[in-house]
Each structure stands twice: as structure tokens, then as C-alpha cells.
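*Asks:* 3D, please:
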Amino acid sequence: MTVWLKRHIVTDMRTTEKPDDFGDLLLHIEREAEEEGPAGIADLRALQFKYHLINTLIRQRRMCGWTQQQLAERAGIGQAEISKIERGRTSPTIDTYARLATALGLEPLWRRAKPPRRSQARRRAVTL
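*Replies:* Below is the predicted model of the structure:
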């Protein structure tokens with residue numbers, strides 16, 4: 001969890017207007033990020049992207065029926081490191097993400113996307 005998010009959660013806990021549930025807390029954080037302007041929104045989006053990646057790794061590991069130790073052996077990464085990543089306690093390098101994703105059989109987005117047809121690509125090149 002980043003300092004930015006911790007600061008907002010701690011601030012929320014001290015105020016009299018406490019969110020009723022996690023969804024309300026997320027909406028409250030979103031509003032505060034908007035009030036902080038572009039930098040606050042950029043921080044929030046980066047944090048959301050990070051946790052989306054982590055959740056994708058966790059879901060895929062569970063779908064494979066693997067323990068953290070089994071994933072560690074397949075990815076060549078220590079089990080303790082995987083535990084820290086899954087709990088959001090450490091930010092892995094892109095190399096670590098790549099090792100985990102490869103071991104889990106995840107494909108990069110560009111491999112799943114259909115390339116534009118040749119005529120469309122030519123038209124785009126001309127109009128740009």
C-alpha cells in the first residue's frame with residue numbers, strides 16, 4: 001500500500017464521516033484524488049493498475065491450483081517474495097512480473113489483440 005493510500009485511509013478513520021463499507025471507502029478515495037487534481041488521479045490510477053496486476057497473478061495461480069511454493073519453483077522466484085507481492089508489501093520489477101506471468105501461462109495484451117487489417121493500417125497512416 002502506498003503512502004498516499006495509507007494517508008487517506010488513516011485520515012478517513014479519524015473523521016466523523018466514516019465510510020460504511022469498502023465500496024464507500026473507494027468512492028471517497030476517488031473523490032479525494034479528484035480534488036487533488038491530476039497528480040492525485042495519476043497516483044490513484046497507478047495504484048489501481050498495480051493491484052489489478054497483482055490480483056490477476058493471484059487469480060491465475062489459484063485457477064492453476066498451485067500454492068505459492070509451486071509457483072515459486074516454476075518461476076524461479078522465492079516463495080517469500082511471492083507472498084510479499086500478493087500482499088502488496090513489495091513492488092516487483094518488470095522482470096519478476098514477467099517470470100510470474102510466464103510461469104502462469106498469461107499472455108501479454110499485444111498477443112491477444114487482433115492486428116489491424118492492412119487496408120485499415122494504410123488508411124490510418126495516411127490520416128495521421
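*Asks:* poorly predicted segments of the chain, please.
*Replies:* For the chain, the stretches with pLDDT under 70 are 1-20, 109-128.
*Asks:* C64 versus the nearest residue to I85 once chain neighbours are set aside, what's the distance?
*Replies:* Nearest non-adjacent residue to I85, counting by C-beta to C-beta, 6 or more residues apart in numbering: P92, 5.2 Å away. Every C-beta, even on glycine, is put in place using the N, C-alpha and C of the backbone. Separation of P92 from C64 (C-beta to C-beta, to the nearest Å): 19 Å.
*Asks:* tell me which of those two has more neighbours.
*Replies:* Here P92 and C64 are set side by side on neighbour count (other C-beta atoms under 10 Å), and the busier one is P92, at 19 against 14.
*Asks:* which SS class is that one?
*Replies:* For P92, the secondary-structure state derived from DSSP: H, G, I helix; E, B strand; the rest coil is coil.
*Asks:* which residues touch it?
*Replies:* By C-beta atoms under 8 Å, 6 or more residues apart in numbering, the contact set of P92 is 81, 85, 100.
*Asks:* A72: which of the residues you listed is nearest?
*Replies:* Within those, the smallest distance to A72 is 7.6 Å, found for E81 (C-beta to C-beta).
*Asks:* ok, that closest one touching T90?
*Replies:* Yes: here E81 reaches T90: they are 7.1 Å apart, a contact under C-beta atoms under 8 Å.
*Asks:* between those two, which has more neighbouring residues?
*Replies:* For E81 versus T90, the count of surrounding residues by other C-beta under 10 Å is larger for E81: 17 against 14.
*Asks:* and the longest helix that the chain contains, what does it pack onto?
*Replies:* For the chain, the longest helix by residue count, based on DSSP state H, is helix 38-63. Under the contact definition 3 or more C-beta pairs under 8 Å, 6 or more residues apart in numbering; DSSP states H and E, helix 38-63 sits against helix 3-14, helix 22-36, helix 79-86, helix 94-104.
*Asks:* this completes my enquiry, with thanks.
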